[in-house]
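**Student:** got a predicted structure plus its sequence, pasted below:
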Amino acid sequence: MASDHPWDKAAIISIVDSLKHQRGALMPILRRIQDDLGWVPPEILPLIAHELNLSRAEVHGVASFYHDFRHEPPGRNIVRICRAESCQAMGAVALADHARQRLGIDFGDTSADGSFSLEAVYCLGNCACSPAVVINGEIIGRVTPERFDTAISSLVRR
């Protein structure tokens with residue numbers, strides 16, 4: 001492992017080795033890496049390409065096409081706001097505007113101090129409790145700007 005990388009080359013190879021025999025292995029490999037590291041470092045793509053006998057362009061194309069793959073480390077707290085129709089009809093547009101202002105970042109960004117990442121999702125399956133938000137894996141329904149601020153404030157105090 002190179003000292004300037006926040007990931008372990010042996011761990012990446014282990015993930016690739018454990019999944020490379022599956023049909024269409026690239027997606028499960030990228031998903032597992034993101035699950036384990038929280039992101040897919042761009043510098044590991046050539047390693048994955050080599051291990052799967054794919055071109056670097058093929059691996060880069062898949063990793064960059066899907067917006068779910070992060071290419072930078074995520075914030076300590078991940079905030080996902082539903083942007084689907086039901087949530088929009090119940091106030092998610094205003095909630096999203098409020099969240100962007102409150103966190104000082106846009107969708108797809110991480111705050112400069114690494115505290116928060118803000119992500120848009122397009123259905124959380126919680127339509128009856130719109131608008132819905134997921135903060136660090138916990139779904140919250142009927143979120144108002146005030147409820148959002150309360151949830152975020154408890155994270156800032158930690």
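**Tutor:** Noted; the coordinates are in hand.
**Student:** which stretches of the protein have low pLDDT?
**Tutor:** Residue ranges of the chain with pLDDT under 70: 1-6, 157-158.
**Student:** show me it divided up by domain.
**Tutor:** 9-65, 77-157 (automatic domain parsing).
**Student:** now render these as CSV, adding distance to His71 and mean neighbour count.
**Tutor:** The way it works is simple: take the backbone N, C-alpha and C, and place the C-beta from them, glycine included. Output for the domains of the chain, formatted as CSV (distance: least, Cβ to Cβ, whole Å; neighbours: other Cβ atoms under 10 Å):
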stretch, distance to His71, mean neighbour count
domain 9-65, 6, 16
domain 77-157, 10, 17
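**Student:** run the chain-centre distance for stretch 142-158.
**Tutor:** Here stretch 142-158 shows a centroid-to-chain-centroid distance of 20 Å under the convention Cα atoms, centre = their mean, to the nearest Å.
**Student:** show residues contacting it.
**Tutor:** 77, 79, 91, 94-95, 98-99, 102-103, 115-116, 129-133, 135-136, 140 (Cβ atoms under 8 Å, 6 or more residues apart in numbering).
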